[in-house]
Each structure stands twice: as structure tokens, then as C-alpha cells.
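K.L.:
test case, fold it:
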Amino acid sequence: MTEAAASRGAIGGYLPHLGVMLAMQSLTSVSAASVPVLAPVIAPHAGVAAADVGLFTMVLYACGMASALIGGILVPRHGALRVCQVALLFCATALALAATGHAIGLLACAFVLGSGMGAPTPASSHVLVRVTPTRLLNLVFSIKQTGVPLGGAIAGATLPALTLLLGWRGALLGTALLCCVGVGLLQLWRMRTDDDRELRRRGAGARGVLATIGLIWRDAELRLVAIASAIFSAGQVCISAFYVTYLVEAVGLNLTVAGLALAAAQIGGVAGRIVWGAVADWSRRPLLVLAGLAVIATVGMVLASRLAPGGPVLAIHALSFVLGASTIGWAGVVYAEVGRRAPPGRTAEASGGVTAVMFAGIVIGPAIFGLIVRATQSFTIAFTAMASCLALVVVVLLVRLARGGAR
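P.N.:
Residues are numbered from 1 along each chain as shown. Okay, the predicted model is just below:
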């Protein structure tokens, strides 16, 4: 009997839990996007350049790596919803620190926000794998993961408007207040969800962290999925961070059209997460689906590197949609596969370990991409390098499948 089958009757059907976890993921994503979205108005008050948001993001995801590992260990002992509540309190505290308007406050915000940001993913995996029918696992996890681009879109659409009404400090503190409201609402849901706590479970010390890393490393499929997710996430953030600049500086688009291209990529990411999750459930070949996504992303990166001034804008938007669907649309399939392959009772730990590896890709990948651009003065070379890494994912996944890797 699977973990989901054993507990489905105890804590209810999967749809209400999916709604709660999707809301949690979206709220965390809104919090993470708040400072980058408002950077142009915050930076002058803090005495830093708006471009320094890159350093903020690196610190954010570096701390998120530790948060994911530790959160995955704490979930079985304290409960998934309790871990989510603590994560939201971290988010609220971090945004209050950013609202001070000082450079030190912004740096502290990155540390505190990152320390809470990684934990909700293993927590939600722990909940959803218990209640979701195996035949729908990829789709449900994919829908939950749409909270990441959805939260970014909500932040981009609402925070500038709130800034006009309340000022940038008011926008940040309003988001912090929303996180606190989320803590209270999760408490109403907690008693029916955190009924599987193991109070004697080990703590989140060095031994627990090493055990989580060992859990990922010893299983060939989990190790492969983790490494693939790091490369996918690097490609995803390279698109988010550099695509608009590339389209403006190298392709000659104006900022508005380039921004719409990025929006098309984000929409493609949301649609892709749902579609690829459904395809993985229908085909029952999630590793093959991931390989196919890597093929599409590789071709998309190569085509993006060859864009020339004066090209048709509609074609650029179509390519952007495909890039988003492939470089953003993979996450649900990855987390469903982790949930399926994790040993019983260790879903949160496995998801936390994979999330930490994924965040490493977010920290390292864009930094290397930026170095290539600065060293060569060429986005084409940087996009081609990213395409080569994605092509390597295709090769490794197909070799694993050919040698008997499950699905």
C-alpha cells in the first residue's frame, strides 16, 4: 500500500490540500519577488544600485539551500503545516527588515527570507504525496508548482500599484501582514494535516543533513533527477534574469516588447507545468518526459541565441512561450518523481535534498552565464553554453533509461 493510499482517508481528499499548498507556494513566491520587483524604488533609499538585486538573489537562494535541507528534516517531527507557518513568519520578518530602507536591512532580508523560503517545498511534498492518487501525482505536483511563476506574476502586477497607494514601505509591510494572516489560516488547517508527526524523529543537526544528502546520492534516479533539476533551474533563472536585457541590447527590441516576451515565457511556464504533469501521468514515463523537455529547452536556447535584429516580433513571442514551457515547466514532474521514489516516510527529506541541489543551480548557473557574457561580450555564446548543459541532461537521461532506469 502506498503512502497516499494509507493516509488518504485520515486527512481528506487531495483537492483541498492542493489548494492550501498552492496558496502557500504562491505567497512564498510573492515574498521572494517583492524586493526584486521594487528594487528601482528601494535602491535609492538604501544607497545601492538597483543592479545589486543580483547579489540579493544569490544570498536568497544560497540560504534557501540550507532551508530546504533543514525543512525536509523538520517536517516529519513537527508537521508540514507547522514548518510552513514558521516559513511565513520568516518571510514577514524579512520584508519588515527590507522596509527599513537600509542596505544592511536588505542584506538581512535576503538571509532571513532565504532561511524560510526553501522549507515549504518539502513540506508540501510531504502533504501531497500522502493524499494524491498515484495516477495523478505528476499533475497535482505540477499544479502546486505553478505557485512559483504565479506568485512572481502577482508580485509584478500588484506591488507597483500598491507602491503608488501606500509607498514602497507600505507595499512591503502589506505583504508581510498577508504572510501573518497566512500563519493564522494555516493553523485552522493544521490539526487535520499534521496528524503524522513523529516527535522522536531526529533533529536537524549535521547528522540529519548528511543523512538527507546520502538519501539523494545513494539512489541513482533521485541523484539523476536532482542534477537535472539543477541544470533546468539554471536555465529557468537565466531566462528570467537575462532575457529582457538580451532582447533589448542584442536584438534591438524596445523595453515594452521585450517585457511582453518575458511575460509570454512566464505564461508558457504556467501552462507547461500543468501540461507536462498531465503528459507524465498519462504516459507513466516521467523520466522520458523530462528528457523531452530538455530537448525542447536545448533547441529553444539555440534558437534564442540566433535571434537577429528586425526579426518578426510574433515569432520571438512564440519562441519565448516555448522557452518558458520547457525551462520553467519541469518542476512538477521532478517533485512528483521524487515523491514516488522516496522511501516511505522520507518524502520531505528527499524533496528538501533535491530542492537544495536545485537552488545550487539557481545560484551558480546565472553567475556563470553572466561571466560568459562579460568575458565574451556575447549572449550567443552564453545561450549556447546553457544549451550544451541541457543537451547533456538529455544524453544522461536517455542513457539511464536505455540501461534499465525505471521509466
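K.L.:
excluding covalently adjacent residues, which one is nearest to residue 390?
P.N.:
residue 298 (4.3 Å; C-beta to C-beta, 6 or more residues apart in numbering). Glycine gets a C-beta too; all of them are placed from N, C-alpha and C.
K.L.:
residue contacts, that neighbour?
P.N.:
Neighbouring residues of residue 298 by C-beta atoms under 8 Å, 6 or more residues apart in numbering: 387, 390, 391, 394.
K.L.:
for residue 166, state which of those residues is nearest.
P.N.:
Nearest to residue 166 among the contacts of residue 298 is residue 390, at 41.9 Å by C-beta to C-beta.
K.L.:
gap between the closest one and residue 300?
P.N.:
Distance, residue 390 to residue 300, by C-beta to C-beta, to the nearest Å: 9 Å.
K.L.:
what do you get for residue 87?
P.N.:
33 Å.
K.L.:
show me where pLDDT drops low in the stretch 51-200 of the chain?
P.N.:
51-54, 199-200 (pLDDT under 70).
K.L.:
all helices of it, in order?
P.N.:
53-78, 80-98, 103-117, 120-131, 137-145, 147-193 (DSSP state H, counting those that start in this stretch).
K.L.:
need the ones you listed in CSV (columns: mean neighbour count and distance to residue 379).
P.N.:
Below are the helices of the stretch 51-200 of the chain laid out as CSV (neighbours: other C-beta atoms under 10 Å; distance: least, C-beta to C-beta, whole Å):
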stretch, mean neighbour count, distance to residue 379
helix 53-78, 23, 16
helix 80-98, 25, 31
helix 103-117, 22, 27
helix 120-131, 29, 31
helix 137-145, 27, 28
helix 147-193, 18, 22
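K.L.:
that older thread, for the residue nearest to residue 390, give its distance to residue 235.
P.N.:
Residue 298 is 9 Å from residue 235, by C-beta to C-beta.
K.L.:
now the common contact residues for those two.
P.N.:
Common neighbours of residue 298 and residue 235 (C-beta under 8 Å, 6+ apart) are residue 390.
K.L.:
please report how far the residue most central in space within the chain lies from residue 27.
P.N.:
Of all residues in the chain, the one closest to the mean position by C-alpha atoms, centre = their mean is residue 148, 5.7 Å from it. Distance, residue 148 to residue 27, using C-beta to C-beta: 11 Å.
K.L.:
show me what contacts the spatially closest residue to residue 27 that is not a sequence neighbour?
P.N.:
In space, and not counting its chain neighbours, residue 27 is closest to residue 182: 5.4 Å by C-beta to C-beta, 6+ apart. By C-beta under 8 Å, 6+ apart, the contact set of residue 182 is 23, 24, 27, 88.
K.L.:
switch those residues over to JSON lines; also include secondary structure.
P.N.:
As requested, these are arranged in JSON lines below (DSSP: H, G, I helix; E, B strand; the rest coil):
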{"residue": "23", "secondary structure": "helix"}
{"residue": "24", "secondary structure": "helix"}
{"residue": "27", "secondary structure": "helix"}
{"residue": "88", "secondary structure": "helix"}
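K.L.:
any idea which of these is closest to residue 380?
P.N.:
Using C-beta to C-beta, the contacts of residue 182 come closest to residue 380 at residue 27, 38.2 Å.
K.L.:
distance check, residue 81 against residue 192.
P.N.:
9 Å.
K.L.:
got it, and residue 375?
P.N.:
55 Å.
K.L.:
so where's the stretch 301-407 of the chain shaky on pLDDT?
P.N.:
404-407.
K.L.:
and the helices in it?
P.N.:
Going by DSSP H, counting those that start in this stretch, the stretch 301-407 of the chain shows helices at 313-327, 331-341, 347-376, 379-402.
K.L.:
for the third one, packing partners?
P.N.:
Contacts of helix 347-376 with other secondary structure elements, assessed using 3 or more C-beta pairs under 8 Å, 6 or more residues apart in numbering; DSSP states H and E, are made with helix 53-78, helix 120-131, helix 206-218, helix 220-249, helix 331-341, helix 379-402.
K.L.:
re earlier: out of the contacts of residue 298, who's nearest residue 115?
P.N.:
residue 390 (30.3 Å).
K.L.:
now do that closest one: how many residues are near it, please.
P.N.:
25 (other C-beta atoms under 10 Å).
K.L.:
how close does it get to residue 290?
P.N.:
11 Å.
K.L.:
do residue 356 as well
P.N.:
Where residue 290 is concerned, residue 356 sits at a distance of 19 Å (C-beta to C-beta).
K.L.:
again, but for residue 111
P.N.:
Relative to residue 290, and taking C-beta to C-beta, residue 111 is found at 33 Å.
K.L.:
just checking, residue 288 touches residue 400?
P.N.:
No. Here residue 288 lies out of contact with residue 400, judged by C-beta atoms under 8 Å, at a distance of 10.4 Å.
K.L.:
for the helices and strands packed on helix 347-376, give me a markdown table that also has distance to residue 258.
P.N.:
Listed next are the helices and strands packed on helix 347-376 as a markdown table, based on distance: least, C-beta to C-beta, whole Å:
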| stretch | distance to residue 258 |
| --- | --- |
| helix 53-78 | 18 |
| helix 120-131 | 30 |
| helix 206-218 | 38 |
| helix 220-249 | 4 |
| helix 331-341 | 25 |
| helix 379-402 | 13 |
